[in-house]
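Peer 1: here's my sequence, what's the structure:
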Amino acid sequence: RAEMLAKLRWGHFNTVFIAVPPLGGQYGTSDAAGFGAMVDDCRAAGISVHAWFQNFKRLGESTQADFTNAAERAAQRQWVLDLLAAYPKVEGVQCDYIRYSTWEACSGAKMQGVADTVRAIREAVAPRPVTCAVFNAASISFRMRLR
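Peer 2: Predicted coordinates:
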């Protein structure tokens with residue numbers, strides 16, 4: 001952690017995204033103690049921390065979340081709230097893999113489910129920021145035309 005923190009400071013970063021640990025049966029790739037310690041170290045150094053959730057895999061590597069299901073949307077929201085309660089120094093939420101399978105054609109209902117999930121999380125954690133990563137839309141469209 002000390003080496004990583006030194007690199008973050010040397011690089012003049014002011015925000016980091018840290019993969020969440022397993023929590024309450026939810027998926028996570030960080031060690032809980034290491035996550036908490038890194039959050040504390042970063043905050044003490046004046047670096048903002050966002051928790052990086054892999055929403056698609058909430059129940060594990062091989063279980064696809066179904067965002068059209070109201071119970072899943074509620075579970076996603078609660079997962080975020082539980083993590084923020086356990087680690088109150090986390091200042092933002094990164095929704096990653098907040099989608100369906102790669103390159104899967106998504107119906108309007110599936111996309112609405114994703115939007116409703118994000119809205120529920122955003123409203124629950126306000127005023128904390130909720131972020132995501134996106135692909136270059138032009139390259140996705142281009143790839144889709146080739147298939």
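
Peer 1: contacts, neighbours, all on C-alpha from now
Peer 2: Will do.

Peer 1: C95 and D41, how far apart?
Peer 2: Counting by C-alpha to C-alpha, to the nearest Å, the separation of C95 from D41 is 23 Å.

Peer 1: er, D31 I mean
Peer 2: For D31, the distance to D41 - C-alpha to C-alpha - is 15 Å.

Peer 1: again, but for R9
Peer 2: Separation of R9 from D41 (C-alpha to C-alpha): 12 Å.

Peer 1: who's in contact with the nearest residue to F53 once chain neighbours are set aside?
Peer 2: Among residues not flanking F53 along the chain, C95 sits closest, at 5.3 Å (C-alpha to C-alpha, 6 or more residues apart in numbering). Going by C-alpha atoms under 8 Å, 6 or more residues apart in numbering, C95 touches 52-55, 118, 130-133.

Peer 1: how about a markdown table for the residues you listed, with distance to G46, neighbour count and pLDDT added?
Peer 2: Shown next, in a markdown table, are the contacts of C95 (distance: C-alpha to C-alpha, whole Å; neighbours: other C-alpha atoms under 10 Å; pLDDT from 0 to 100):
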| residue | distance to G46 | neighbour count | pLDDT |
| --- | --- | --- | --- |
| W52 | 19 | 22 | 96 |
| F53 | 22 | 27 | 95 |
| Q54 | 25 | 22 | 92 |
| N55 | 27 | 26 | 92 |
| V118 | 27 | 21 | 95 |
| V130 | 20 | 19 | 96 |
| T131 | 20 | 16 | 93 |
| C132 | 22 | 13 | 88 |
| A133 | 24 | 10 | 78 |
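
Peer 1: in CSV, list the residues you listed along with distance to M111.
Peer 2: Formatted as CSV, those follow (distance: C-alpha to C-alpha, whole Å):
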residue, distance to M111
W52, 21
F53, 18
Q54, 17
N55, 14
V118, 11
V130, 18
T131, 17
C132, 15
A133, 16
